[in-house]
Every structure is written in C-alpha cells, then in structure tokens.
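Chemist: here is a sequence together with a model predicted from it:
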Amino acid sequence: MVNKTVVNYILDNCGHCMKCVQTCPTSALTMTDGKVVINEAKCLNCGRCMRACHYKSLQAKGSSLDAIKDYDFTVCLVPSAMIMQCSSLKEAEELFWAIKQLGFDVVEDITATEGQLMQETRRRAESGEIDTVLASTCPVTNRLIKTRYPMLLDHVLPLNYPSEVAAKQARKIWKDKGKVGIFYCSECEAKLLLAKHPYGNPQFEVDHALASVDILPLISENLGKGRLPVTLCREGLQATSPSLMTQKQTDLIADGFDKVNDVLDMEEFGIFDSFRLIHLFPCFNGCVGGHLLWGNSYVVKHNIDALTSERNKPPADWPIEDFISDAFNITEEESLSFAEKMAFFQKVNQQLDQLPGYDCSACGLQTCRIMAEEIVKGNRSLDDCHILNSMRRRNRE
Amino acid sequence: MSNSILHKEYTVIRFDYARAGKVSSDIKKTLSTIGIPSAVLRNISVASYESEINMIIHAYGGTITMDVFDDGRIQLIFKDDGPGIPDLEKAMTPGYSTASEEARNMGFGAGMGLPNIKRVSDEFDIKTSEEGTTLTLGFVVG
C-alpha cells in the first residue's frame, strides 16, 4: 500500500476558494495558514480536487522523458485505455511508431496481460473462494475500500496491477540488455503512483510513469510518419470500459466515483451477496475515461471493433504467481481502545454542539465535525470559526 | 451494571420503500465515526439492514433504538406494531419467506432474513405476538 499523493499544489495560482477542500471524499485536504495541505495517508488520488480547482493550482505530473537516457535499454508499456483512443488499427500502429520515436527501444501493448488478469479475476470469482469479489485494477478503488470501506477488504482479490505484471515479464524478456528502464503511459493520475518514479515508490517494477496527455504533443509530431505492427487482445481492451465487458447475471459493474461509493455502501449491508463479481471503475465510462487521456470516453469505447476485427491475439499465459500481490489487504493494528474512541467521540460531539453546523469550510476544514475533532486534538480553537466570530461581532455592535 | 453512553431512536413507516435502509445507514455511519472495528461493524450493518427492511415489508412499521454501552456492547431493538410472526419456527428456517410478490420483485424477501440476522449477532432475542414483534440484538465490540 502506498501512502502518497500525486497531487501537487501551486500556491501562486491558488484562489483560496475551498472547492478542493469541500470536494475531497476522504477529507484529506485542509487549508492551513493560507495553503492547501494534503494528508497523504487519507488521499485516494481520485483527482476530484484537481477537477474542482478553477485556478489550475492542483496538478499531477508524470516522469520526464529525459529519464530515458539513464538506461541502456528502454521499454514503453501502453495500456488498453490509451490504445482505445485510436479509431483504427492503422492509427494504433502509427501511435506506437510515434511513441518509439521518443527514444524507446521497444514499445509494447499490455492488452494480453490485461486480458489474462480479467480471465483470472472471473475464474476466482466463480470458484467461490470469496463470496462476492470486488474487482478493480484501479489503485483508487483499492485505497477507497481500505480507507472508507474497510469491512469489505476481504472481498478484494490479492491480484496485482496489469502494468506490474507486464513490467515483470518485460524485465524477464529483456534481461540481457543491460540496465533496462520500463516506462508506462498512464491513463490517469492515480496510476502515476504505480512506478518507482516520479513519486518514489521503489516496490514497483515499472521505473517511470508518464502522464499520457503531457507527452501527447511530442507524440503528435511523429504521427502519420510510420507504423509499428501491433496485434491487440480484445479481452484486454474490453476490460477498459463497463459497456464493453461481457456481463453475466451474477455480475455487476459500477462506473463513476459516486456509483462506486453507492455500491460499496450497499454491499456493506450485504445487499449484493448473491452477486459473484462486482467490477468497480471510479472513472466515468471506465479507464477509457481516465483524466490523462485525450479522447471523448463516450465515443472511444466504440473503437474496439476497428482495433480487433482485422487480427486479434488471445489473453497472455504468464505464470499466475506473477499476478499475486496481497499489498492491499494489509490492515493496520487498532491503536485505540473502545473506551478511548468513545471518549473522543463524545468530546467531539460536545464541541460540535458549539459550532454552527453549516459545513461552510471557511475555516479551511471540510466540515464542522472535522473542526470539532481538531479542537479536541488541540490544533484549532472555536476562535478559528469565521461564522462564530462574525456572530460575536454582530452581538457586540 | 453497564450504562448506555449513546442512545438513538428512529421511527420506521410501513411500506416506506423509498427510505428503506436510511436508519441502517445512520447507525453504520455513527458507529463508523466512533471507530468500531470493521468486523463487528459489518455484522451490525447486515443485521440492522435486514431487520429494518423486515419492519417495512412485513410489519406495520415501528421504532428502532440503538444503545452503545460503556462496556463496549451495542444493542439494537426493533419494535414493530404487529401483526406478529404466525409461525416463528418456520420464519427461522433458511429459505422460508412470506414476502409479497411486490416485495420480492424489488429484491427483498429471499427468506434468509431472520436466520441471517441470528448468524451475525452475538445476542439474539425475539418475542412476537399479534400486538407486534420485538427483536433485540446484541453485539460485542473487540
């Protein structure tokens, strides 16, 4: 589990409007001393704060292509969601050729790995080893379940991300090439974390995560000038969007952050216990709706036929042990006793009674409850509440 | 003797499908804010949802109360205004259901209600007569 955030804050741009603070689903953001502070332990990397920001003050950046020269041999992995932006196989081949011109030795699609992961997920869901499988290849979902729905953690399969599995295979295949650098064209902010760089997560096989939209201008310069032969795996491409996935009676798919939360809220009551497999996509329209892609996700999902009708490859057959990772299922020890938690809860409730309860965020905290918690912890005082202050002023006048 | 340190009361209305689950959501949210361990909270959530739905589809509505005791016990009481369960033994049998077609079409009434509630609860007591049914559930935290 990586407790890091991809969100970078640029103070100079900030309009102090509190939109980011208000929109955060885990209350990870606060405005402290006129600056946005992100609690990395809480941040899901869902990117909602970045999209709420009118001032481009919150951004997520990938690695720089300059890193290519640090390696003897470089491999660039391209996920299905990015390939789906192409409306024909020819366009995909031109994309691959143009990516290679950035300086990579090899450009590889990971569609077959994504296809195998989808098959393995279904196999495990139907084997019944877990009652209702909550399946996702998204780090946001995994962190969301961990922080907001910990009672559902045992519904998550111990499977790794497709980029990681593909990177492991690439490392085996090119092991004689000296110092091999593996790059990944990320479709969204959250997957920028699934690499050693730029966010410093040494446990990952991928060396550098690139923000796809940021390298697009460089790619565009070489588009249409050449083609690199590509054969794609339909099952992998299908895994990028809920409307493309084959669905059985016992499957359920939720896309979009609110829908994912709704389903998880209901599953906490056991409402979906008769379902075997629940796919969760925090992005609307699935991974093709990733915010580092350039296409219109409503439109691009129809590209699948054009990409696979000419030729098609089956899902990969990598060793299953390379798919296993139990990193998401580890939970921290409880540090407080029931009595301590209850005492804190009641102190917070007492403070909450003193506060206006508008959840206006003017103090820099998302809600009055969080303000009350901070007062109990000794980090803030009632004087920090703008509403109370103005009420006191008015009473004096 | 343990004391209740948090007490909440809710009213449930018959056939109010639109708000079915709202009480359980509030119970879950409150206990989750306190920081009740997730294994216990899952059991409480499943039991309270199932019991709340029962009051809406089978009974004439009623009240739900939650008490958190200082010794770490949580008690939920579901008290409805009738008509009572005619054959409690059958109702406790997995798969047995008297739910209407209407309720089943909405995904309720699979006949696993009471057996499921009993399975996830640490304490389970049910008293029923024509005047109503009182279901008392207890959960031990930690």
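Modeler: Received the coordinates, thanks. Numbering: from 1, shown residues only, chains lettered A, B, ... in the order given.
Chemist: tell me which helix or strand in chain B has the weakest average pLDDT.
Modeler: Across the helices and strands of chain B, mean confidence by mean pLDDT, DSSP states H and E is lowest for helix B:101-105: a mean of 70.
Chemist: low-confidence stretches in chain B?
Modeler: Along chain B, the model assigns pLDDT under 70 to residues B:1, B:103-112, B:142.
Chemist: chain A contacts on chain B?
Modeler: B:5-6, B:21, B:24-25, B:28, B:33-39, B:41-42, B:45-46, B:49-50, B:68, B:70, B:72, B:107, B:110, B:116, B:141-142 (Cβ under 8 Å from any Cβ of the partner chain). The way it works is simple: take the backbone N, C-alpha and C, and place the C-beta from them, glycine included.
Chemist: which ones among these lie within helices?
Modeler: B:24-25, B:28, B:33-34, B:38-39, B:41-42, B:45-46, B:49-50, B:116 (DSSP state H).
Chemist: and these, which two are furthest apart?
Modeler: Comparing all pairs in those by Cβ to Cβ, the longest separation belongs to B:33 and B:116, at 25.4 Å.
Chemist: these two - which one has more neighbours?
Modeler: For residue B:33 versus residue B:116, the count of surrounding residues by other Cβ atoms under 10 Å in any protein chain shown is larger for residue B:116: 18 against 14.
Chemist: how close does the more buried one get to residue A:223?
Modeler: Here the criterion is Cβ to Cβ, to the nearest Å. By it, residue B:116 lies 58 Å from residue A:223.
Chemist: then residue A:177?
Modeler: 27 Å.
Chemist: hmm, who's touching stretch B:4-17?
Modeler: A:342, A:345-346, B:19, B:23, B:26-27, B:30, B:34, B:52, B:55-57, B:59-70, B:80, B:106 (Cβ atoms under 8 Å, 6 or more residues apart in numbering or on different chains).
Chemist: flag every buried residue along that stretch.
Modeler: B:6, B:10, B:12 (16 or more other Cβ atoms under 10 Å in any protein chain shown).
Chemist: on that earlier part again, among the contacts of stretch B:4-17, name the buried ones.
Modeler: Buried among the contacts of stretch B:4-17 (16+ other Cβ under 10 Å): A:342, A:345, B:23, B:27, B:34, B:52, B:55-57, B:59, B:62, B:64, B:66-69, B:80.
Chemist: what residues does the stretch 51-200 of chain A have near chain B?
Modeler: Checking the stretch 51-200 of chain A against chain B by Cβ under 8 Å from any Cβ, the hits are A:150, A:151, A:152, A:153.
Chemist: from these, which land in strands?
Modeler: Using DSSP state E to define strands, no part of those is located there.
Chemist: leaving out chain neighbours, which residue sits closest to the residue most central in space within chain A?
Modeler: The centre of chain A sits closest to residue A:190, judged by Cα atoms, centre = their mean, with a distance of 3.2 Å. Computed as Cβ to Cβ, 6 or more residues apart in numbering or on different chains, the closest residue to residue A:190 that is not its neighbour in sequence is residue A:45, at 4.2 Å.
Chemist: before we move on, what about residue A:98?
Modeler: residue A:222 (3.9 Å).
Chemist: who touches the one you found in this structure?
Modeler: Taking Cβ under 8 Å, 6+ apart, one finds A:97, A:98, A:101 in contact with residue A:222.
Chemist: chain B: which of those is nearest?
Modeler: Proximity of the contacts of residue A:222 to chain B (Cβ to the nearest Cβ) peaks at residue A:98, which lies at 47.7 Å.
Chemist: state the distance from that closest one to residue A:299.
Modeler: From residue A:98 to residue A:299 the distance is 21 Å (Cβ to Cβ).
Chemist: residue A:362 too?
Modeler: For residue A:362 relative to residue A:299 (Cβ to Cβ), the value is 41 Å.
Chemist: do residue B:27 as well
Modeler: 44 Å.
Chemist: please apply the same query to residue B:82.
Modeler: For residue B:82, the distance to residue A:299 - Cβ to Cβ - is 57 Å.
Chemist: what do you get for residue B:119?
Modeler: 48 Å.
Chemist: next: residue A:185.
Modeler: 20 Å.
Chemist: what do you get for residue A:26?
Modeler: Using Cβ to Cβ, one gets 32 Å for the distance from residue A:26 to residue A:299.
Chemist: residue A:347 too?
Modeler: In terms of Cβ to Cβ, residue A:347 sits 53 Å off from residue A:299.
Chemist: tell me which of those two has more neighbours.
Modeler: Using other Cβ under 10 Å, the more surrounded residue of residue A:347 and residue A:299 is residue A:347, with 15 against 12.
Chemist: the more buried one - that's part of a helix, no?
Modeler: Yes. Assignment of residue A:347 by DSSP: H, G, I helix; E, B strand; the rest coil places it within a helix.
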